[in-house]
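Asks: output the structure for:
(one chain, ligands or ions: 1)
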Amino acid sequence: MKRKVTKAVFPVAGLGTRFLPATKSIPKEIMTLVDRPLIQYAIDEARAAGIEEFVFVTSRGKSALEDYFDDAPELEAALREKNKTDLLAVLAGTYMESGAIAYVRQNRAQGLGHAVWCARQLVGNEPFAVILTDDVIAADKPCLQQMMEAYEETGGNVVAAMEVPPAKASSYGVLDIAEDMGSLVRVRGMVEKPKAGEAPSNLAVIGRYILSPNVMTHLNARKVGAGGEIQLTDAIAQEIVQGNPVYGFRFRGQRFDCGSKAGFLQATVAFGLAREDLGEEFGQYLRETVALRAAAQ
Ligand code: UTP
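Replies: Just a heads-up that it's a prediction; the model follows:
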């Protein structure tokens, strides 16, 4: 019988150099789309998918991230005094039950695979999810929940996948497709950051994974891959070598690469426009700004 997936690993130990100087003192995951930090989107998505245990792989300088989930009694008291029930509800969404959240340290940023491996003792011998907070996905049904439903049918390993333009493939892990079944593809190989013209397809892996505990075993080898880093893609590809199934899942939704400045700005626009309290005014501002720029050119 397939085991229910109740644990998720959030690797947040990267240096975030693309957002310097901001990331000199604030973790990237605390940066906000409108008014919610990236980490909140990831946690909400995990909860919607039935995750009950949250494992953060952190590093030096990430204490603001750890504090984010604590109760805030003084703030709460001040809001209650002013009868701000709507804000109290917002605050409640940030709280984590004691013991539901755990932090492990990655001593040195040696790659995503290494970061996931750092969570091995907390994950144990169970299937687990991995969420990269940089990838924010706007969807009617949260992406990880869609994947859990697919996993119920397939078992094995399921990775979120998305078509990318050939010129962009070298920035991703790319799937070598054995069989295309529509929303699911069966994978016969995976290549991390393929050289130009060498990508096996244009289907790229995005930051959501449901993985068998075997992947942790493969990571034990701590094999260095593309870019001199220990790659999660290589450990998942090892599953295929051992005859265990790996599926790519074409999720329904729009993914924003919030690890890049352009992606972060695009997500800010999309989430700003989608907000009931802001969308109209913000949309008006954007239309006027674009029209003014076009007229000036
Ligand atoms: P990125 O490749 O985006 O690296 O990592 P980064 O350090 O966050 O950002 P840049 O490239 O310097 O701007 C993808 C995800 O994997 C985590 C990151 O925190 C991010 O969520 N990661 C990466 C780790 O936790 N440890 C690592 O050694 C590498």
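Asks: from now on I want contacts and neighbour counts done on CA atoms only, so please keep to that.
Replies: OK.
Asks: from residue 237, how far out is the residue in the stretch 151-297 of the chain positioned nearest to the ligand?
Replies: Closest residue of the stretch 151-297 of the chain to the ligand, C-alpha to the nearest ligand atom: residue 259 (5.4 Å). Relative to residue 237, residue 259 is positioned 24 Å away (C-alpha to C-alpha, to the nearest Å).
Asks: got it, and residue 75?
Replies: Taking C-alpha to C-alpha, one finds residue 75 at 47 Å from residue 237.
Asks: out of these two, which sits in the busier spot?
Replies: In terms of neighbours (other C-alpha atoms under 10 Å), residue 237 is the more surrounded of residue 75 and residue 237; the figures are 22 against 12.
Asks: show the pLDDT at the more buried one.
Replies: pLDDT, residue 237: 94.
Asks: any idea which element it lies in?
Replies: Element membership for residue 237 (DSSP states H and E) is helix 232-241.
Asks: the following helix or strand past that helix packs against which elements?
Replies: On the C-terminal side of helix 232-241, the closest following helix or strand by DSSP H and E is strand 246-250. For strand 246-250, the contact count by 3 or more C-alpha pairs under 8 Å, 6 or more residues apart in numbering; DSSP states H and E identifies strand 157-163, strand 184-192, helix 232-241 as packing neighbours.
Asks: A helix includes residue 144, no?
Replies: Yes. Under DSSP: H, G, I helix; E, B strand; the rest coil, residue 144 sits within a helix.
Asks: which ones are touching it?
Replies: 45-46, 49, 208 (C-alpha atoms under 8 Å, 6 or more residues apart in numbering).
Asks: now do residue 135
Replies: Here residue 135 is in contact with 206-207, 255-259 (C-alpha under 8 Å, 6+ apart).
Asks: give me the neighbour count for the closest residue in space to it that isn't next to it in sequence.
Replies: In space, and not counting its chain neighbours, residue 135 is closest to residue 257: 5.1 Å by C-alpha to C-alpha, 6 or more residues apart in numbering. Neighbourhood size, residue 257 [other C-alpha under 10 Å]: 19.
Asks: whether the helix holding residue 237 contacts the ligand - can you check?
Replies: No. In terms of C-alpha under 6 Å from any ligand atom, no part of helix 232-241 sits within range of the ligand; the closest distance is 9.7 Å.
Asks: so where do the strands sit in the chain?
Replies: Here the chain has its strands, by DSSP state E, at 7-11, 32-33, 36-37, 53-58, 101-105, 128-131, 135-138, 157-163, 173-180, 184-192, 203-211, 246-250, 254-257.
Asks: if we can go back for a sec, tell me which of the contacts of residue 135 is nearest to residue 25?
Replies: residue 259 (16.4 Å; C-alpha to C-alpha).
Asks: quick one, phi psi at the closest one?
Replies: phi -80, psi -10 (degrees, to the nearest 10).
Asks: is it true that it touches residue 20?
Replies: No. Distance between residue 259 and residue 20: 11.6 Å, which falls outside the contact criterion (C-alpha atoms under 8 Å).
Asks: which one of these two has more residues nearby?
Replies: Using other C-alpha under 10 Å as the criterion, residue 259 and residue 20 rank with residue 259 on top: 19 against 12.
Asks: for the more buried one, report the pLDDT, please.
Replies: At residue 259, pLDDT is 95.
Asks: distance check, the closest residue to it other than its chain neighbours against residue 231.
Replies: Counting by C-alpha to C-alpha, 6+ apart, residue 134 is the residue found nearest to residue 259 once chain neighbours are left out, at 4.9 Å. Distance, residue 134 to residue 231, using C-alpha to C-alpha: 17 Å.
Asks: returning to what we had before: between the contacts of residue 144, which is nearest residue 8?
Replies: Nearest to residue 8, judged by C-alpha to C-alpha, of these is residue 46 at 7.3 Å.
Asks: OK, contacts around that closest one?
Replies: Contacts of residue 46 (C-alpha under 8 Å, 6+ apart): 8, 144-145.
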